[in-house]
Every structure is written in C-alpha cells, then in structure tokens.
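Undergrad: Sequence and predicted structure, then a few things I'm wondering about:
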Amino acid sequence: MMSTYKRATLDEDDLVDSIVDDTYPATMQVSVRRGRSPRCWAERTHTERRLLILACSLSLALLVCVLTLGFYYRAAAHPGLCLSESCVTVASAVMGALDRTVDPCHDFYSFACGGWVRNNPLPEGKSRWGPFSNLWERNMAVMKQMLENTSRTDLSEAEKKAQWYYQSCMSEDKIEALGAQPLQELINRTGGWALTGPWDKSNFQEVLRTVSASYRTSPFFTVFVSTDSKSSNSNVIQVDQTGLGLPSRDYYLNKTANQKYLDAYLDFLVELGVLLGGSEERSRVLMQEIVDFEVALANITVPQEERRDEEAIYHKIQAKDLATLAPAVDWIPFLREVFAPVELNDTEPVVVYAKEYLQKVSDLINGTDKSLLNNYMIMKVVRKMVSILDQRFQDAEQRFFEVMYGTKKSCTPRWKLCVSDTDSALGFALGALFVKATFTEDSKAIAEDMVSEIKLAFEDGLQYVSWMDTETKKAAKEKADAIYNMIGYPKFIMDPKELDKVFNDFEVVSDLYFQNVMQYYNFSARVTADQLRKAPNRDQWSMTPPTVNAYYNPTKNEMVFPAGILQAPFYSRSWPKALNFGGIGVVMGHELTHAFDDQGREYDKEGNLRSWWKNSSVEAFKKQTQCMVEQYSNYSINQEPLNGKHTLGENIADNGGLKAAYKAYESWIRKNGEESVLPALDMTNRQLFFVGFAQVWCSVRTPESSHEGVITDPHSPSRFRVIGTISNSREFSKHFNCKPDTPMNPRRKCELW
C-alpha cells in the first residue's frame with residue numbers, strides 16, 4: 001500500500017518552528033549609531049575587537065544551530081527518507097517516467113512507463129529506443145574518445161590496431177574515391193558474376209568454398225566451430241540451416257501481410273545490381289530470380305519454434321556422411337578450405353542441427369540453374385559489403401531500412417557506425433580501453449555478491465517447486481551451484497602481452513577500410529579453425545566488454561555480464577537496493593533462469609546435453625510451461641498475436657528472474673534492515689523494486705520494427721515482458737494491493753520457478 005508523504009522543504013516557517021530552546025533569543029542585532037560611518041578594523045580598540053569577534057561567533061553559532069535543528073526537524077518529520085543528492089536525482093527520474101493517471105493494477109507497463117514514452121519520441125534514424133539503446137549511445141561516446149585519442153603512448157599494439165581500424169572507417173574521402181572498385185575487384189577474383197555477363201561455368205563448388213571461407217558468408221547453410229553439446233570439453237564442426245535476405249521465412253511465405261517488404265527488398269537488390277555495373281532491366285530480372293529462389297529456401301527452412309528441443313535436432317555424424325545427406329556439395333574439399341590450415345579427413349566428427357533441411361537444400365541446388373546459383377552466392381557477398389562501401393550503397397540500404405523498419409533518414413554521424421564496427425572487429429582490444437576508462441574493480445566484487453544473492457534466492461525457491469520430484473530438485477540445485485560467473489571482462493584483455501597475442505595475426509592499416517574488413521574476415525576464419533583442436537576456453541566471450549547485454553551459455557554453464565551493462569539504469573552503487581535488485585538483479589536472475597528454461601534444462605551441470613531429469617518432472621515441466629505458451633500467445637501488438645512457443649525460453653527467464661531477484665531483495669532486507677525510501681514518489685521500496693524492473697523495459701518502436709520483432713525475436717515485446725511477468729507475481733499484487741481478477745492479478749497464474 002502506498003504511504004502518504006509530505007514534501008520536505010527548508011523554508012522560513014520550518015526554521016522558526018525548529019527553534020524550541022528558550023535560551024536562544026529570537027533575534028540578535030549589533031547596533032550602529034546613526035549619522036556616523038562605522039570605523040575600520042584598525043581603528044577599533046582591543047575591547048571593541050573582542051566584542052565584535054564574540055558577536056560574530058555567537059551569530060555564526062546561532063546560524064549553525066538553526067540549520068542543524070532545521071535538518072533535524074525535517075528528518076524527524078520524515079523518518080526513513082533518503083534525501084541524498086543521488087536519491088533525489090533518481091527519484092526525479094523514476095517519477096518522470098511514471099503515468100499516475102493509470103491504475104498500476106490495470107496496466108502496470110503504462111503506469112511505470114507512460115511518462116517515459118511521452119517524453120521520449122523516437123530519435124531520427126532509429127526503429128526502436130529504450131534504456132538499452134540510451135546506455136549503448138553513452139558507451140559509444142566513451143569508446144569514441146578512446147579511439148580518437150591517438151596521442152597516448154601507453155597503448156598496446158592491439159589497442160593501436162583498434163584506433164587504426166577506426167581511422168580507416170572514418171576515412172570517408174578515401175572510401176568515396178574508391179567507390180565500388182574494391183568490391184568489383186573481389187567479385188572478379190571470385191570468378192565473375194552472372195549480372196554482368198553470361199554464366200555457364202561449372203565452378204559452383206569453387207565459388208561456394210571461396211564465399212564461405214574467405215568472405216564469411218553462408219549462402220545455403222552455415223558451418224562453424226563451437227562446443228559439442230554432448231561433449232562439453234571439446235569443440236566440433238557444426239552445420240545448420242542459414243539465414244535469408246529478409247529477417248525471417250515469414251516475410252516470404254505470408255505475402256499478403258509482407259508484400260511491401262518484399263517489394264522494397266527487390267528494389268534494394270536491383271539498385272545494388274545497377275551500382276555494380278548491371279543494367280536496370282537485367283538487374284531487375286536477375287534479382288527477381290533471387291527473391292523467388294529465397295522463397296524456395298524459406299519453404300524448406302524449419303521455423304525456430306520447432307527447433308527448441310535440442311536433444312531432438314542434434315545429429316552427430318562423420319564428415320564423409322555429409323555426402324550422403326547432401327550430395328550437391330563436395331564436403332571434404334569445402335570443409336578443408338573453410339577450416340584451413342587445420343588438417344581434416346573424412347572421419348572428422350560433425351554435428352548437424354538441420355538434417356531434413358540439408359537434404360532438401362541439396363535437392364534445391366541440384367535443380368537450380370547454375371547462373372542463378374552464382375548470382376545468389378555473389379549477392380550474399382554484396383549484401384555483406386554494402387555498409388563498407390561508398391555513400392551510394394549506404395543510401396540504397398537506408399531507403400530499404402525506411403520501409404523494412406520504419407526508420408526515417410537521419411544525419412547519424414559517421415563515427416557511430418565506425419565505433420560499432422570497431423567493436424565488432426576488435427571489441428576486446430577496444431574493450432580494454434573501455435574498461436580502463438569506466439570500470440572499477442570493486443564494481444566487479446559488488447556484482448559478484450549480487451549474483452551470489454540471486455543464486456541463493458533461486459536455490460531456496462526450489463524447495464517450494466511443487467511439480468518437481470526431490471531427486472531432480474537436488475540435481476537442479478547442484479547445477480545452479482556450479483554456474484560460473486563472468487563479470488565485466490575476460491582477464492586476458494588487461495594483460496597487454498596476452499591481448500597483443502590474440503590480435504597478432506590481424507593486420508590493420510589506418511587508411512584502407514575495405515582492406516581492413518577483409519583482413520578481419522580472414523583473421524576470424526583462422527581463429528575459428530584454430531578452436532577446432534582446442535578445448536573450449538572460458539576467456540572466450542560471445543560479447544565484448546562495452547556491450548549492453550548479458551547471456552547464459554549452456555555448454556559452459558556460465559553467465560556473462562559485460563561491463564557495459566553494469567551501469568545506470570541497471571545499477572548504481574548510490575541507488576537504493578530496491579532499484580539495483582529490480583534492475584541488474586532481475587537481469588542476473590533472468591540469465592540464471594535460462595539454465596532451467598525449456599532449452600537450458602536439457603544441459604547438466606557440466607554443460608552436457610543429456611537427460612538428467614526424472615520423466616515425471618519432465619512431463620510436469622511441459623504442463624507448467626504450456627500455461628506460459630498460452631498466456632503470451634493471447635497477447636498481441638498492433639493486432640498481431642505473439643508466438644508464445646517461440647518466446648517460451650525468454651518468458652521463463654523473465655518470470656524466474658523477477659522472482660529470484662525479489663526473493664534476494666527480501667533476503668537483503670532481513671540481513672540489513674529496511675532501507676530509506678525515495679522522496680516524492682509516495683511509494684514503498686517493495687513497490688519501487690517492481691517499478692525499477694518495469695522502467696528498464698520502457699521503449700518506443702515503429703510499427704514495422706514491432707512486426708519484425710513479433711516474427712523474429714525470441715523475446716516478447718517490452719510491454720509484455722513487463723505485464724506478462726508482473727501478472728504472474730503474487731508479490732506484486734500483494735504490494736500494490738491489486739484485487740483478484742484485475743488485469744495484473746488474474747486468478748490463473750503461470751508459475752514455474
């Protein structure tokens with residue numbers, strides 16, 4: 001229940017009321033005789049000086065007493081109120097984001113975020129905006145400063161390479177002067193292109209190997225090295241279905257809803273073809289063939305929601321068996337070139353995650369004209385290179401994005417693109433600069449303590465999970481205990497020698513951007529190949545230190561929280577714990593719960609994909625999660641229903657994360673006592689916890705971007721990440737006094753962890 005609060009002020013009435021001791025006079029004056037100017041200090045007698053000093057001292061003492069009593073009165077009138085500068089500042093931010101006209105029991109997202117949405121129109125050039133985006137912009141500004149400070153003499157070679165890479169990206173005059181030439185030369189070296197001449201060459205296998213190995217594209221399938229899910233102490237080659245030119249198969253198959261996107265995509269491809277030397281007419285013919293071919297690919301691509309059971313889609317075979325599975329590809333020469341210089345033979349183990357897809361794509365390749373196959377493979381390369389070419393290509397892409405995501409053309413400064421690309425290529429070298437500038441070691445210790453508190457709360461909650469058998473609960477606790485935490489950054493980036501060693505094989509020059517990007521592709525290919533003969537390394541992160549995100553890796557049973565997210569609005573050491581637990585605490589609980597979602601639960605504490613649950617608990621789990629599938633499938637955005645099956649893992653993590661973080665906060669209170677409340681909010685700290693959680697997800701988004709998110713994103717839209725989770729929380733309804741059957745307190749609650 002919200003407590004009443006009288007705004008604290010320090011005005012004249014307060015000062016008068018605070019004087020309660022009659023020994024002090026109400027006023028004190030030092031009189032000066034009229035008609036005579038006061039004498040200077042030197043003219044006064046010794047006695048006069050002493051009297052004046054005494055009078056001034058008494059006046060100062062009185063002022064101190066009055067102020068002290070005023071502050072004492074204010075604190076006494078409002079016990080437990082935090083009036084520090086940081087508390088006042090964050091209270092103002094929280095209040096500004098609220099919409100008090102909305103009943104929190106009716107629509108908690110609008111209550112918590114209505115003010116924020118009103119005050120944050122979508123920035124130019126953005127299809128979505130929220131606290132994550134805002135923090136990333138701040139992080140980019142820090143990185144820009146680090147990259148442009150070339151006068152430093154204390155940088156490692158890797159850090160210098162990050163600066164050179166950034167400088168080459170910023171060399172717009174050189175990029176404009178070269179135009180399409182670098183890409184045209186690359187296409188010629190690859191064997192040419194059907195767009196600019198007749199194509200009847202029998203070089204499909206050679207071109208496929210080149211574009212996959214040298215240019216890191218995946219035309220028909222994707223091949224990579226990663227941890228073997230059933231043998232987590234080793235890496236293995238993995239083969240899976242690939243992505244398409246548009247974000248999802250749905251764009252190709254549901255033409256009624258997506259025709260405008262298909263038309264914009266075709267226009268974009270045609271424009272790229274013309275920029276690279278093709279005529280408008282020929283380009284349109286060939287690009288229409290590409291779109292039609294991708295429709296065929298979309299038809300054989302398996303929807304993501306049907307691939308969530310990893311045990312069912314894992315198939316381990318030998319490399320020679322790929323020839324039987326998908327004979328359209330010469331697999332051994334292909335794998336040898338992609339993973340050169342590692343020696344491979346036909347007994348090399350390979351894990352296939354898309355067995356039926358590979359069979360069908362092989363048939364599709366064999367039944368497709370060679371010229372179209374060539375055109376498609378080269379276009380995959382062109383699409384990848386668009387952002388590193390001159391402004392004409394970027395303008396073409398921008399026009400496509402305007403339709404695809406609803407973004408308006410903007411004057412986004414070049415440096416933002418270049419910082420982001422440097423983070424992609426040399427993110428750990430740039431991350432070293434970022435960490436040294438922003439991250440303190442005690443932040444790491446504080447985050448470690450919070451993770452421990454969240455983990456204990458989650459484990460404590462296991463005893464109340466009624467649907468799970470005792471033996472499986474015990475194993476689940478052991479898995480939670482074994483989760484490894486990675487906070488801030490991998491250790492090697494703080495050792496200049498180790499950092500230089502990692503990037504030693506990456507050649508960078510300061511003025512040739514296209515060349516640097518190609519060097520990066522070659523470098524990353526060698527790094528990938530090198531992993532094949534080594535055990536998985538905990539210091540190998542999937543996110544760079546400045547990233548505003550976090551993740552759980554099931555094969556390593558580890559959680560990773562980069563330095564980039566360990567900042568406001570997720571965390572601040574000067575904030576009330578309620579906000580920290582509601583912010584970064586829920587993020588930590590979210591990642592922890594991924595270890596027990598519909599996919600993570602299939603991995604044991606060692607990171608191996610195996611059955612470690614009793615069958616009765618597996619069936620009970622599926623029954624419990626069906627509740628969430630139905631709950632989220634009943635939500636819709638812009639009259640488009642969500643896919644509760646596709647978002648199940650993230651919804652489980654959201655719900656479990658909120659519950660664990662709240663329990664951890666309650667545990668902190670039991671140990672440390674109640675903390676002071678924020679001024680002006682008329683809100684308890686337990687209410688503040690839920691408001692802090694919700695305000696992390698305040699966002700604005702274009703309808704086109706929302707459509708894309710519903711189709712492709714495994715996360716629910718921000719609004720439903722809040723109200724879906726809140727409406728399952730009994731603690732929320734208790735602290736906001738929501739009556740049963742109100743929208744945020746339905747009688748049927750989906751409860752898992």
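TA: Received the coordinates, thanks. Residues are numbered from 1 along each chain as shown.

Undergrad: where's residue 487, which helix or strand?
TA: Residue 487 belongs to strand 484-488 when assigned by DSSP states H and E.

Undergrad: by contact count, what packs against the helix or strand just after that strand?
TA: As assigned by DSSP H and E, the chain's next helix or strand after strand 484-488 is helix 496-502. On a contact count with 3 or more Cβ pairs under 8 Å, 6 or more residues apart in numbering; DSSP states H and E, helix 496-502 meets helix 157-169, helix 414-438. All C-beta atoms are positioned from the backbone trio N, CA, C, and that covers glycine.

Undergrad: so can I have a markdown table of those showing distance to residue 606 and mean pLDDT?
TA: Formatted as a markdown table, the helices and strands packed on helix 496-502 follow (distance: least, Cβ to Cβ, whole Å; pLDDT from 0 to 100):
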| stretch | distance to residue 606 | mean pLDDT |
| --- | --- | --- |
| helix 157-169 | 33 | 97 |
| helix 414-438 | 27 | 96 |
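
Undergrad: Just name the most buried of the ones you listed.
TA: helix 157-169 (a mean of 23; mean count of other Cβ atoms under 10 Å).

Undergrad: Among the helices and strands packed on helix 496-502, which comes closest to residue 115?
TA: helix 414-438 (27.5 Å; Cβ to Cβ).

Undergrad: so where do the helices sit in the stretch 601-750 of the chain?
TA: 615-633, 648-672, 685-695, 703-712, 718-726, 730-735 (DSSP state H, counting those that start in this stretch).

Undergrad: Against which helices or strands is the fifth one packed?
TA: By that I understand helix 718-726. helix 108-119, helix 615-633, helix 648-672, helix 685-695.

Undergrad: of those helices, which approaches residue 396 most closely?
TA: Using Cβ to Cβ, the helices and strands packed on helix 718-726 put helix 108-119 closest to residue 396, at 32.5 Å.

Undergrad: Which residues does the closest one contact?
TA: 95-104, 690-691, 694-695, 697-700, 718-719, 722-723, 726, 732, 736, 744 (Cβ atoms under 8 Å, 6 or more residues apart in numbering).

Undergrad: number of nearby residues for residue 340?
TA: Residues lying near residue 340 (other Cβ atoms under 10 Å) number 13.

Undergrad: who touches it in this structure?
TA: 213, 529.

Undergrad: In a helix, it, correct?
TA: No: residue state for residue 340 (DSSP: H, G, I helix; E, B strand; the rest coil) corresponds to coil; a helix is not indicated.

Undergrad: And the helices and strands packed on helix 496-502: which comes nearest residue 753?
TA: Closest among those, using Cβ to Cβ: helix 414-438, at 32.5 Å.

Undergrad: and the closest one with strand 484-488, angle?
TA: With axes from the mean of the first three to the mean of the last three Cα atoms, to 10 degrees as the basis, helix 414-438 and strand 484-488 are set at 110 degrees to each other.

Undergrad: Which of the helices and strands packed on helix 718-726 sits closest to residue 388?
TA: Set against residue 388 and scored by Cβ to Cβ, these come closest in helix 648-672, at 32.3 Å.

Undergrad: all strands of this structure, in order?
TA: Remark: strands assigned in the chain by DSSP state E are 128-129, 221-228, 231-241, 315-318, 349-352, 484-488, 551-553, 558-562, 636-637, 640-641, 700-701.

Undergrad: Adding distance to residue 360, write those strands out as CSV.
TA: Below are the strands of the chain laid out as CSV (distance: least, Cβ to Cβ, whole Å):
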stretch, distance to residue 360
strand 128-129, 34
strand 221-228, 11
strand 231-241, 10
strand 315-318, 15
strand 349-352, 13
strand 484-488, 39
strand 551-553, 30
strand 558-562, 35
strand 636-637, 33
strand 640-641, 29
strand 700-701, 35
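
Undergrad: any chance of these in TSV, with mean neighbour count, distance to residue 396 and mean pLDDT too?
TA: Listed next are these as TSV, based on neighbours: other Cβ atoms under 10 Å; distance: least, Cβ to Cβ, whole Å; pLDDT from 0 to 100:
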stretch	mean neighbour count	distance to residue 396	mean pLDDT
strand 128-129	20	22	94
strand 221-228	19	26	96
strand 231-241	19	28	96
strand 315-318	14	40	97
strand 349-352	19	37	97
strand 484-488	19	40	94
strand 551-553	20	33	96
strand 558-562	24	33	96
strand 636-637	15	30	95
strand 640-641	14	28	95
strand 700-701	22	24	96
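
Undergrad: Quick one: closest of those strands to residue 539.
TA: Using Cβ to Cβ, the nearest of the strands of the chain to residue 539 is strand 484-488, at 8.7 Å.

Undergrad: which strands and helices sit next to the closest one?
TA: Checking 3+ Cβ pairs under 8 Å, 6+ apart, strand 484-488 ends up next to helix 441-462, strand 558-562.

Undergrad: how far does the longest one sit from the chain's center?
TA: The one in question is helix 441-462. Averaging C-alpha positions (Cα atoms, centre = their mean, to the nearest Å) puts helix 441-462 20 Å from its chain's average.

Undergrad: how far off strand 558-562 does it point, in degrees?
TA: Orientation note: helix 441-462 sits at an angle of 140 degrees relative to strand 558-562 (the same axes, to 10 degrees).

Undergrad: could you give the angle of helix 441-462 to helix 648-672?
TA: Using the same axes, to 10 degrees: helix 441-462 against helix 648-672 is 100 degrees.

Undergrad: So which elements touch helix 441-462?
TA: helix 470-482, strand 484-488, strand 558-562, helix 586-594, helix 648-672.

Undergrad: contact partners of the first one?
TA: Taking contacts as Cβ under 8 Å, 6+ apart, the residues outside helix 470-482 that touch it are 455, 458-459, 462-463, 465, 468, 557, 592, 595-596, 604-606, 612-614, 617.

Undergrad: do stretch 270-285 as well
TA: Contacts for stretch 270-285 (Cβ under 8 Å, 6+ apart): 180, 183-184, 187, 193, 195-196, 266, 269, 286-287, 379, 382-383, 386, 392-393, 396, 399.

Undergrad: Now which of the residues you listed would you call buried?
TA: Buried subset of the contacts of stretch 270-285 (neighbour count, 16 or more other Cβ atoms under 10 Å): 180, 183, 187, 193, 195-196, 266, 269, 286-287, 379, 382, 386, 393, 396.

Undergrad: Take these and keep only those in helices.
TA: Taking DSSP state H, the ones among these that sit in helices are 183, 187, 266, 269, 286, 287, 379, 382, 393, 396.

Undergrad: Could you check how far stretch 233-240 is from the centre of its chain?
TA: 25 Å.

Undergrad: What is the least confident helix or strand in the protein?
TA: In the chain, no helix or strand scores lower on mean pLDDT, DSSP states H and E than helix 12-18, which sits at a mean of 29.

Undergrad: Neighbours of residue 753, how many?
TA: Neighbour tally, residue 753, other Cβ under 10 Å: 22.

Undergrad: ok, now residue 113?
TA: 28.

Undergrad: middle-most residue in this structure, spatially?
TA: residue 549 (3.2 Å; Cα atoms, centre = their mean).

Undergrad: Now do the same contact list for it.
TA: Counted by Cβ under 8 Å, 6+ apart, residue 549 has contacts 132, 543, 562, 564, 565.

Undergrad: Residue 249 too?
TA: 298, 299, 301, 303.

Undergrad: quick one: which of these has the most company?
TA: residue 301 (21 neighbours).

Undergrad: That one reaches residue 244, doesn't it?
TA: Yes: counting by Cβ atoms under 8 Å, residue 244 is a contact partner of residue 301 at 7.2 Å.

Undergrad: neighbours of the residue lying closest to residue 331 once chain neighbours are set aside, just the number please.
TA: The spatial neighbour of residue 331 that comes closest, neighbours along the chain excluded (Cβ to Cβ, 6 or more residues apart in numbering), is residue 322 at 4.1 Å. Residues near residue 322, counting by other Cβ under 10 Å, number 24.
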